[in-house]
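1. pasting the structure only:
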């Protein structure tokens, strides 16, 4: 797991229903629950900053330009 740029830790208490949602969504996306929650945070951050360059995970590498 890549953690070099992740120096902060939070603890979060969820209901069974909330955790089931997080786990099921993370499984569907093929990521860990922590990665899914990072994606949610990054999406909100990006939606508030139009210059962010689009949605995605910060650690993702894309080959969209190779599709041309």
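-> Thanks, I have the structure now. Because the structure is a prediction, the values reported are computed rather than measured. Residues are numbered from 1 along each chain as shown.

2. where along the chain do the strands fall?
-> Taking DSSP state E as the criterion, the chain contains no strands.

3. flag the shaky bits of it, pLDDT-wise.
-> The model of the chain has pLDDT under 70 over residues 1-3, 53-68.

4. let's go with 80 and repeat that
-> The chain contains residues with pLDDT under 80 at 1-4, 49-68.

5. spatially central residue in it, please.
-> Centroid-nearest residue in the chain, with C-alpha atoms, centre = their mean: residue 39, separated by 1.7 Å.

6. what's the local residue count around residue 45?
-> 11 (other C-beta atoms under 10 Å). In this view, the C-beta of every residue, glycine as well, is placed from N, C-alpha and C.

7. quick check: it touching residue 38?
-> No. Using C-beta atoms under 8 Å, residue 45 is not in contact with residue 38, being 10.2 Å away.
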